[in-house]
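Provide a 3D model corresponding to the input given below.
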Amino acid sequence: MIVAVLAAAPGRAEMLAFGGLDGWREDSHAEALTAFVRTCDQLDGAEWPPLCALAADIPPDDASARSFFELFFKPVIVGAPPALFTGYYEPELEGSPTRTGRFKYPIYRRPPDLRDGVAFHTRKAIDDGALAGRKLELAWLDDPIAVYFLQIQGSGRIRMTDGTVLRVGYAGENGHAYRSIGQEMIRRGTHRLDEVSAQEIAAWVRANPVAGADLLDTNPSYVFFRKIDTLNPEDGPIGAMGRPITGLRSVAIDPKFTPLGAPLWIEKDGIDPFRRLMVAQDTGGAIKGMQRADIFYGTGDAAGSTAGRVKDSGRMILLLPIDRAFALVADD
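Residues are numbered from 1 along each chain as shown. Alright, predicted model coming up:
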């Protein structure tokens, strides 16, 4: 069970009215309710089981779903906006079950001697062969930047040379803190802040293979994968709650400040602004703080192109059961 507890946080917790949520009535609340129900049974606390049982019986239309949220929840803003929104996606890649002249960059399954919270080999050590010969290779890809971004996204679909599709998901990491290679590019003076995006990072690394490999190795964090064979093709990847997540309805958050499984009202500004009810169903090593969320955009290149450009401000509002909302605001 996921315990939905908010950490005592510096800053404010303020209750809002649904009428104060920009665009609230225009969203598809039925889509959000479907995503919410998918993981609701994992929320722990006396108030959640009756709400989850009721949610499962709500008619699948927007008016009924909106009434459910308005009757049983209160919007609470925790922390001080502006929020920071980024995006992620599930890549679709090409790969091979064995090393070939084209496919020579491995992704690894979790080593049996890896211990959570204990520092293991760094990215550079692994790239230099620290795991070679241990038969830990899950697949081989044709591009080192594809390996890197697969680790950043945490899941992916790999179309193998034999025509099968291998779906992989997060299985652990090496215990070293994540460092942003975008920030490193700015520090080195190769790029300005407004020039850094996933697309630009990929293009630069491919155009500068030696310097690019050195750049990637400045992030010592390394992610291991597992094969996932329990998903339907239409399902999204597995999130932190052990269930498939939903494109443009699931977000990754910092569980110290936002309960996993809770609904969130997202007001994202920027180039492609939207107002949308989403669900906190995932986490990420770079997602830290109160007004912080990583939006899951879906699967494939189009989703990746959009997600890679997102670094936007806005406002993130937590929907809590009424009693819990009042208790949180009273404690602030």
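
which residues in the stretch 101-250 of the chain form strands?
Assigned by DSSP state E, counting those that start in this stretch, the strands in the stretch 101-250 of the chain fall at 105-108, 137-141, 155-160, 165-173, 223-227, 250-252.

Give me the mean pLDDT for the helix or strand that the last one is followed by.
Okay, so that is strand 250-252. Using DSSP states H and E, the helix or strand that follows strand 250-252 in sequence is strand 263-268. Mean per-residue pLDDT for strand 263-268: 98.

Direction included, what does whatever helix or strand comes next after strand 263-268 pair up with?
Downstream of strand 263-268, the first helix or strand assigned by DSSP H and E is strand 274-282. Pairing partners of strand 274-282, with direction, according to DSSP bridges: strand 250-252 (parallel), strand 263-268 (antiparallel).

just the ones you listed: most buried one?
A comparison of the strands paired with strand 274-282 by mean neighbour count, using mean count of other C-beta atoms under 10 Å, puts strand 250-252 on top with a mean of 28. Using the backbone N, CA and C atoms, a C-beta is placed for each residue, glycine as well.

outside of that one, which residues touch it?
Strand 250-252 has contacts (C-beta atoms under 8 Å, 6 or more residues apart in numbering) with 35, 88, 236, 239-240, 264, 266, 278-284, 287, 293-296.

What of stretch 63-76?
Applying C-beta under 8 Å, 6+ apart, the contact partners of stretch 63-76 are 13-18, 20-21, 24-25, 29-30, 32-33, 51, 54-55, 58, 263, 265, 277, 317-322, 325-326, 328-329.

and what of stretch 133-144?
With C-beta under 8 Å, 6+ apart as the criterion, stretch 133-144 contacts 93-100, 102-109, 111, 147, 150, 158, 160, 166, 168, 205-206, 212-213, 216, 225-227.

Narrow the residues you listed to just the buried residues.
Neighbour-count burial (16 or more other C-beta atoms under 10 Å) applied to the contacts of stretch 133-144 gives 93, 95-97, 103, 105-109, 111, 147, 150, 158, 160, 166, 168, 205, 212, 216, 225-226.

so where do the helices sit in the chain?
29-40, 48-56, 62-72, 123-127, 144-153, 181-188, 198-207, 209-217, 301-307, 322-331 (DSSP state H).

Would you convert the ones you listed into JSON lines that also reports distance to Asn232 and mean pLDDT?
Listed next are the helices of the chain as JSON lines, based on distance: least, C-beta to C-beta, whole Å; pLDDT from 0 to 100:
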{"stretch": "helix 29-40", "distance to Asn232": "13", "mean pLDDT": "97"}
{"stretch": "helix 48-56", "distance to Asn232": "20", "mean pLDDT": "95"}
{"stretch": "helix 62-72", "distance to Asn232": "24", "mean pLDDT": "97"}
{"stretch": "helix 123-127", "distance to Asn232": "32", "mean pLDDT": "97"}
{"stretch": "helix 144-153", "distance to Asn232": "20", "mean pLDDT": "94"}
{"stretch": "helix 181-188", "distance to Asn232": "34", "mean pLDDT": "94"}
{"stretch": "helix 198-207", "distance to Asn232": "27", "mean pLDDT": "93"}
{"stretch": "helix 209-217", "distance to Asn232": "33", "mean pLDDT": "95"}
{"stretch": "helix 301-307", "distance to Asn232": "18", "mean pLDDT": "93"}
{"stretch": "helix 322-331", "distance to Asn232": "34", "mean pLDDT": "90"}
